[in-house]
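Q: Need a 3D model of the following:
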Amino acid sequence: MAELADAQGLGPCVPLGRVGSTPIARSCSEKDALKGGKMKDLFSTRFASKMHYSKIALVIIMAAINFFAGCCRQYSSQAPPVSDKVEPMLTGKFEPTWESLKQYKCPEWYRDAKFGIWAHWGPQCEPERGDWYARNMYSERGWQARSHRENYGHPSQFGFKDVINEWKAENWNPDKLMQLYKRAGAQYFFALANHHDNFDNYDSKYQPWNSVNIGPKKDIIGLWAKAARKYGLRFGVSAHAAHAWTWYETAQGADANGEYAGVPYDGKLTKEDGKGKWWEGYDPQDLYAQNHEPGSNRNIHEIWHWDKSKGCSIPDDAYCEKFYNRTIDLINKYKPDAIYFDDTVLPLYPVSDVGMRIAAHFYNTSMKWNKGKLEAVLTGKILNEQQRQCLIWDIERGQSNKIEPYVWQTCTCIGSWHYDRGIYDRHRYKKVKDVVHMLIDIVSKNGNMLLSIPIRGDGTIDDDEVAFLEGMAEWMDINRECIFGTRPWKVFGEGPAMEEAAELNAQGFNEGRGKPFSSEDVRFTTKGDTLYAIVLGWPTKELHIKSLGTASGLVDKPIKDIELLGSSEEIKWSRDEQALTIKPATNKPSDIAVVFKIKM
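A: Numbering: from 1, shown residues only. Okay, here's the model as predicted:
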């Protein structure tokens, strides 16, 4: 910059700062120009000064363009390609672009199914201390870290790799559990293929840390799939391991105080460190994936979307390719009907096209398996309107407040995602009533529910969970026809709970934040010429359903008859402009929710 100023006769210039690595210079003042002996007139000096400001502006503009271009590259739908030489992406109708994936149509089996049960079960259930154990144990504070030290020892000496070796699943009976899930009403079943802990619960070709080699020594996914198909349930897998890169960064740390101050946790161990130990021959980096500098931002939720500008460490190509190969292997080997991804949009999006390629492969493969018919279901989170045409939108622990144009899903759990003994000891699982109300509300809005029932490390569920599933079965035995095979009506319902519905936050998380449902709340589903008016409680006084009044304009056929599911009692009703009025019945089929079957 100084050389440029001298060439224009203005003398040396003082830099104001930098844009990136480019210095920004201040043009010399008129006084400095004269003092420098340069006999330029005032006009020339001012002209030169303006030229400098123009150049400064140009530098700033170009820097801004480069910055925003970088952001666009990071969030472009055309993410950097991953190699598929080892596990080729099956080509066909679908390509790894949003425009191509928009051809997706939700299969009818999923629209009809409405309710699935999920075994969110893996080695993190072994300690029975709740979700995200494998991350939170690597800390100096926190109840899970304290529990780990009390039960296993310091994480420099007994890390999560060692917890995996303790997990034996010795009492697991997938056949017995599947019978119970089906009795509770499940039409499809999901099993955890891997979690953020990066351990594969199947016979994995690309991840040596898997349930066949270590821990249970069983093909967990293979056995779940066999049981689900035996009892006529569609089978799905959930894959969460794309986030291990950042999620496990806590394992690179060390205590700041105490006896083990400065002693590294086991997150940086390598294969060579295993000589003479139980894990000899295995590389902990295949599990922990911590051969990188951790990101500057330790708040995992702020960097969940792989935003480098927020201090996220971005995975290298080898990591992305390995996740891709593992997932394609999972699809090809077990032929799932559905895949759940615990990711914003898709795995590793937008820093890699891994997720896009997996989606295209899964859809094309499904059509190959089903003689040209697409039967695949693939879920993603925080989807925009375009992406909801390409995938099934999953809302975690929450639900939409309207009838959605495309089928969607709520995923939730009666307790902690991974088994937490404390919730059982305090009898704090969700109540059957609350889950049934959620299911009804979700179905009335064109959604499905995937419900996790936590499993203990040994492969069993506790007696509170058995009682819960039996309670679901009892309600389903009477009322299942208002759920399965139905479609949303013209409006989803009416009642006071609609007035205080909580808004969605990020992945969802509005569950239980609105006004509780009551017998004044009604939800609608429909099947053929039948309309189901589902009352979320037992109405002890006259029920006035305004949406079914003649003035509402919503009912275009006369009502022929009304019956109460689970009762042979004759229902007394009348209809005028204001509402359909139903007299209180004496035979109460359920305290949870009752269903009036309205025949048109």
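
Q: List the residue ranges of the stretch 301-450 of the chain that fall below the pLDDT cut-off.
A: When residues are selected by pLDDT under 70, none of them lie in the stretch 301-450 of the chain.

Q: show me where it has strands.
A: Counting by DSSP state E, counting those that start in this stretch, the segments of the stretch 301-450 of the chain that form strands are 338-344, 377-381, 392-396, 408-413, 447-452.

Q: Rebuild those as CSV, extending it with distance to H243 and mean neighbour count.
A: Where C-beta positions appear, they are placed from N, C-alpha and C, glycine not excepted. Listed next are the strands of the stretch 301-450 of the chain as CSV, based on distance: least, CB to CB, whole Å; neighbours: other CB atoms under 10 Å:
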stretch, distance to H243, mean neighbour count
strand 338-344, 7, 24
strand 377-381, 12, 24
strand 392-396, 14, 23
strand 408-413, 16, 23
strand 447-452, 18, 24
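
Q: Which one, of these, ends up nearest to K430?
A: strand 408-413 (8.0 Å; CB to CB).

Q: now what about the closest one, what contacts it?
A: 118, 120, 340, 379, 388, 392-400, 435, 438, 442, 446-454, 508, 511 (CB atoms under 8 Å, 6 or more residues apart in numbering).

Q: before we move on, the earlier item: reformat the strands of the stretch 301-450 of the chain as JSON lines; add distance to C482.
A: Compiled in JSON lines, these are given as follows (distance: least, CB to CB, whole Å):
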{"stretch": "strand 338-344", "distance to C482": "24"}
{"stretch": "strand 377-381", "distance to C482": "23"}
{"stretch": "strand 392-396", "distance to C482": "22"}
{"stretch": "strand 408-413", "distance to C482": "18"}
{"stretch": "strand 447-452", "distance to C482": "14"}
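
Q: how about those, which one is nearest P350?
A: Across the strands of the stretch 301-450 of the chain, closest to P350 is strand 338-344 (CB to CB), at 9.1 Å.

Q: May I have the strands that pair with the closest one, each with its orientation?
A: Strand pairing for strand 338-344, determined by DSSP bridges: strand 234-239 (parallel), strand 377-381 (parallel).

Q: okay, the angle between it and strand 447-452?
A: Here strand 338-344 runs at 90 degrees with respect to strand 447-452, directions being taken by axes from the mean of the first three to the mean of the last three CA atoms, to 10 degrees.

Q: pLDDT below threshold where in this structure?
A: Along the chain, the parts satisfying pLDDT under 70 run over 1-79, 501, 504-506, 508-510, 512.

Q: Got the domain ranges for it?
A: Here the domain parsing of the chain from automatic domain parsing is 2-74, 98-396, 493-599.

Q: Would you work out how far apart the start and end of the longest one are?
A: In other words, domain 98-396. Across its full length, domain 98-396 reaches 23 Å end to end, with CA to CA, to the nearest Å as the criterion.

Q: Quick one: distance of that domain to the chain centre.
A: Mean-position distance between domain 98-396 and its chain equals 11 Å (CA atoms, centre = their mean, to the nearest Å).

Q: Show me what counts as buried in stretch 203-221.
A: Using 16 or more other CB atoms under 10 Å as the test for burial, stretch 203-221 gives 203-207, 209-212, 214-216, 218-221.

Q: I'd like the list of these that fall within helices, please.
A: I220, I221 (DSSP state H).

Q: Tell me which of the buried residues of stretch 203-221 fall in strands.
A: Of the buried residues of stretch 203-221, none are assigned to strands by DSSP state E.

Q: Closest one to Y334 out of the buried residues of stretch 203-221, please.
A: Relative to Y334, the closest of the buried residues of stretch 203-221 is I221; by CB to CB it sits at 5.6 Å.

Q: any idea how far that closest one is from L330?
A: Using CB to CB, to the nearest Å, we find I221 at a distance of 7 Å from L330.

Q: residues shared between the contacts of those two?
A: Joint contacts of I221 and L330 (CB under 8 Å, 6+ apart) are A193, Y202, V237.

Q: give me every residue that touches the second one.
A: Contacts here follow CB under 8 Å, 6+ apart; on that basis Y202 touches A193, N210, S211, V212, D219, I220, I221, G222, L330, K333, Y334.

Q: Go through these and say which is closest to F468.
A: I220 (22.9 Å).

Q: what separates the closest one from A193, distance-wise?
A: 8 Å.

Q: P558 too?
A: 51 Å.

Q: Compare the two (neighbour count), which wins?
A: A193 (28 against 8; other CB atoms under 10 Å).

Q: Angles on the backbone of that one, please.
A: With angles defined as degrees, to the nearest 10, A193 sits at phi -80, psi -40.

Q: let's number from 36 now, not from 1
A: Shifting the count to begin at 36 puts that one at A228.

Q: Show the contacting residues for it.
A: Contacts of A228 by CB under 8 Å, 6+ apart are D235, N236, Y237, I256, V272, S273, A274, L365.

Q: any chance of the residues you listed in JSON lines, plus distance to L571?
A: As requested, the contacts of A228 are exported to JSON lines (distance: CB to CB, whole Å):
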{"residue": "D235", "distance to L571": "41"}
{"residue": "N236", "distance to L571": "37"}
{"residue": "Y237", "distance to L571": "40"}
{"residue": "I256", "distance to L571": "37"}
{"residue": "V272", "distance to L571": "33"}
{"residue": "S273", "distance to L571": "29"}
{"residue": "A274", "distance to L571": "35"}
{"residue": "L365", "distance to L571": "39"}
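
Q: before we move on, the earlier item: so what's in contact with I255 and A228 at the same time?
A: Listed as contacting both I255 and A228 by CB under 8 Å, 6+ apart are N236, Y237.

Q: hang on, the earlier thing: in CSV, list the strands paired with strand 373-379 along with distance to K306.
A: Compiled in CSV, the strands paired with strand 373-379 are given as follows (distance: least, CB to CB, whole Å):
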stretch, distance to K306
strand 269-274, 25
strand 412-416, 35
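
Q: nearest to P162, of those?
A: Here strand 269-274 is closest among the strands paired with strand 373-379 (CB to CB), at 20.4 Å.

Q: Need the contact partners of that closest one.
A: Applying CB under 8 Å, 6+ apart, the external contacts of strand 269-274 come out as 144-145, 148, 151, 153, 155, 222-229, 256, 259-260, 263-264, 362, 365, 369, 371-377, 382, 412.

Q: Could you report the distance from R184 to V247?
A: Taking CB to CB as the measure, R184 and V247 are separated by 30 Å.

Q: go on, I363?
A: Taken as CB to CB, the span from I363 to V247 is 18 Å.

Q: Dead centre of the protein: give me the residue that sits there.
A: D377 (3.3 Å; CA atoms, centre = their mean).

Q: residue contacts, the closest residue to it other than its chain neighbours?
A: In space, and not counting its chain neighbours, D377 is closest to H275: 4.2 Å by CB to CB, 6 or more residues apart in numbering. H275 makes contacts with L227, N229, H230, H231, F376, D377, D378, as judged by CB under 8 Å, 6+ apart.

Q: I'd say the last one and I393 touch.
A: Right, D378. No. Assessed by CB atoms under 8 Å, D378 is found out of contact with I393, at 10.7 Å.

Q: Count the residues that sit near the residue nearest to G450 when sequence neighbours are not counted.
A: Excluding the flanking residues, the one nearest G450 by CB to CB, 6+ apart is I458, at 4.4 Å. By the criterion of other CB under 10 Å, I458 has 20 neighbours.

Q: shouldn't I458 be in contact with W452?
A: No. If you go by CB under 8 Å, I458 and W452 don't touch, sitting 11.2 Å apart.

Q: Mutual contacts of those two, please.
A: G165, P489.

Q: chain center to stretch 573-590, what's the gap?
A: 37 Å.

Q: distance between the ends of that stretch?
A: 24 Å.

Q: What is the burial count for K468?
A: Counted with other CB under 10 Å, the neighbours of K468 add up to 18.
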